[in-house]
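Undergrad: take this sequence and fold it.
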Amino acid sequence: MEPEKKQSSSQQKNTLAELLPGPSPPPPVSTSTSSVVAQNPFDDPMPANALQSMPTTQPPMTSSQPGTMPPIMQHGGGMNPLSKVYPPNQPMVFNPSNPSAPPIYPCGICHQEVHENDQAVLCESGCNFWFHRICTGLTHDAFTMLKVEVYAEWVCDRCLNTKSIPLVKLKP
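TA: Numbering: from 1, shown residues only. Next comes the predicted model:
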């Protein structure tokens, strides 16, 4: 008779998780090599041709020259990687060889020239640098709303964090 007792007692052994109702267990972790890509819904969608031109890996720095600076990361969106990079502390650069030429306005982030036809914003309350829209991370919709609103004024992250610029102010 004892073998029957052991069989019935083993049938009654259930784990606590099986006895209690509750949420379903988390899905098993996948070990496949597929990757998940998450996208910020506020970012501009990448054009299809930009995906084809993006390198898959970053080549290592192999320069043996001391003091060599790494190449500046480019921000797509039509900026020329061969453009001249201007000093980081000057919001306006004049051409000494042509004093009558209009000043050059370098971007406060990538330090390349901001052209008249570029989508750019001015840090009017702070450093007076111009910034490419792409460099700041502004979406096209946010940039459009900023330009349409007469009383809106954009301020760069650096000035917002280091200067006493109010988030809301009244323009005269």
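Undergrad: what is the least confident helix or strand in the chain?
TA: helix 48-53 (a mean of 45; mean pLDDT, DSSP states H and E).
Undergrad: what's the first helix or strand after that one?
TA: Counting by DSSP states H and E, the element after helix 48-53 in chain order, helix or strand, is strand 120-122.
Undergrad: partner strands of that next one, with direction?
TA: According to DSSP bridges, strand 120-122 forms sheet pairs with strand 130-132 (antiparallel).
Undergrad: right, and the helix or strand after the strand it pairs with?
TA: Strand 130-132 is succeeded, C-terminally, by helix 133-136 (DSSP H and E).
Undergrad: tell me the helices and strands packed up against that next one.
TA: strand 120-122 (3 or more Cβ pairs under 8 Å, 6 or more residues apart in numbering; DSSP states H and E). Just so you know, the C-beta spots here come from the backbone N, C-alpha and C atoms, and that holds for glycine as well.
Undergrad: what's in contact with the strand it packs on?
TA: 107, 114, 128-133, 136, 138, 143, 146, 154 (Cβ atoms under 8 Å, 6 or more residues apart in numbering).
Undergrad: ok, now with 7 Å
TA: For strand 120-122, the surrounding residues in contact (Cβ atoms under 7 Å, 6 or more residues apart in numbering) are 114, 130-133, 136, 138, 146, 154.
Undergrad: which one of the residues you listed is nearest to P91?
TA: Distance to P91, by Cβ to Cβ, is smallest for W130 among the contacts of strand 120-122, at 7.3 Å.
Undergrad: one step back: return the members of the contacts of strand 120-122 classed as buried.
TA: For the contacts of strand 120-122, a neighbour count by 16 or more other Cβ atoms under 10 Å gives the buried set as 114, 130-133, 136, 138, 154.
Undergrad: any low-confidence regions in this structure?
TA: 1-83, 171-172 (pLDDT under 70).
Undergrad: apply 80 and report the result again.
TA: Across the chain, the ranges flagged by pLDDT under 80 are 1-88, 90, 169-172.
Undergrad: neighbours around L160, how many?
TA: 15 (other Cβ atoms under 10 Å).
Undergrad: what do you get for E153?
TA: Neighbours of E153 (other Cβ under 10 Å): 16.
Undergrad: for P87, same thing?
TA: Neighbours around P87, by other Cβ under 10 Å: 8.
Undergrad: hang on, the earlier thing: and the buried ones among the contacts of strand 120-122 as JSON lines, adding distance to N98?
TA: Formatted as JSON lines, those follow (distance: Cβ to Cβ, whole Å):
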{"residue": "V114", "distance to N98": "19"}
{"residue": "W130", "distance to N98": "20"}
{"residue": "F131", "distance to N98": "25"}
{"residue": "H132", "distance to N98": "24"}
{"residue": "R133", "distance to N98": "28"}
{"residue": "T136", "distance to N98": "30"}
{"residue": "L138", "distance to N98": "32"}
{"residue": "W154", "distance to N98": "31"}
